[in-house]
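Novice: Task: produce atomic coordinates for the following.
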Amino acid sequence: MITLYTDGSSRGNPGPGGFGVVLMFKQHRKEMSEGFRFTTNNRMELLAVITGLEALKEPGHEVVIYSDSKYVIDSVEKGWVLGWVKKNFKDKKNEDLWRRYLYVASKHKIRFQWVKGHAGNKENERCDVLATQAADGPNKLIDYGYETENGLLKK
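Specialist: Next up is the predicted model:
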């Protein structure tokens with residue numbers, strides 16, 4: 001069983017953003033984070049989940065994902081994203097990330113567990129620190145999916 005804690009952050013929403021991930025398996029622990037110059041909180045929440053899953057080197061794992069994002073959890077657990085696929089994501093945001101999520105998620109058996117944000121859960125708090133440090137830090141990446149979709153990317 002692999003345990004994955006995730007969190008996303010955006011300053012201004014949209015604004016500078018980042019995500020944090022804590023991945024745990026047996027005695028192993030890996031922390032990941034990245035910052036983006038202009039994005040949304042929902043994109044960072046979803047990208048945290050994707051990044052954690054993409055870090056798994058082999059398919060077929062049982063993964064429990066702890067997240068405080070109702071957007072991510074409800075979209076998956078209530079089957080909304082599958083309906084969006086059937087409608088080719090008509091009028092839905094974050095298609096690029098949802099397609100990426102569906103691809104990587106298909107390789108594993110995933111269960112989501114909602115955790116209340118900022119409520120003292122040690123690993124969720126760590127992810128929040130990683131996400132906000134990434135959002136506030138230097139050398140942020142371009143969220144091409146967001147900036148292109150919204151006509152913001154300058155050539």
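
Novice: what about the helices in the chain?
Specialist: Counting by DSSP state H, the chain has these helices, from start to end: 41-54, 70-77, 80-86, 95-105, 122-136, 144-149.

Novice: What mean pLDDT does the shortest one get?
Specialist: Model confidence over helix 144-149, given as mean pLDDT, is 90.

Novice: Of the helices of the chain, which stretch is the most buried?
Specialist: Highest mean neighbour count among these (mean count of other C-beta atoms under 10 Å): helix 41-54, with a mean of 24. In short, each C-beta sits where N, CA and C put it, glycine included.

Novice: helices or strands up against it?
Specialist: On a contact count with 3 or more C-beta pairs under 8 Å, 6 or more residues apart in numbering; DSSP states H and E, helix 41-54 meets strand 2-10, strand 15-25, strand 28-39, strand 62-67, helix 70-77, helix 95-105, helix 122-136.

Novice: now those as CSV including mean pLDDT?
Specialist: Shown next, in CSV, are the helices and strands packed on helix 41-54 (pLDDT from 0 to 100):
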stretch, mean pLDDT
strand 2-10, 97
strand 15-25, 97
strand 28-39, 97
strand 62-67, 98
helix 70-77, 98
helix 95-105, 98
helix 122-136, 97
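
Novice: quick one: which of those is nearest residue 152?
Specialist: strand 28-39 (6.5 Å; C-beta to C-beta).

Novice: Can you give the contact residues for that closest one?
Specialist: Here strand 28-39 makes contact (C-beta atoms under 8 Å, 6 or more residues apart in numbering) with 10, 14-24, 44, 47, 51-52, 55, 126, 130-131, 133-137, 139-143, 146-147, 152.

Novice: Next, the distance between the ends of stretch 125-145.
Specialist: 27 Å (C-alpha to C-alpha, to the nearest Å).

Novice: now residue 123, nearest residue through space, not along the chain?
Specialist: The shortest distance from residue 123 to any residue other than its chain neighbours is 4.1 Å, reached at residue 5 (C-beta to C-beta, 6 or more residues apart in numbering).

Novice: That neighbour and residue 51 touch, don't they?
Specialist: No. Assessed by C-beta atoms under 8 Å, residue 5 is found out of contact with residue 51, at 12.0 Å.

Novice: list the residues that contact both of these two?
Specialist: Among the neighbours of residue 5, those also in contact with residue 51 (C-beta under 8 Å, 6+ apart) are residue 21.
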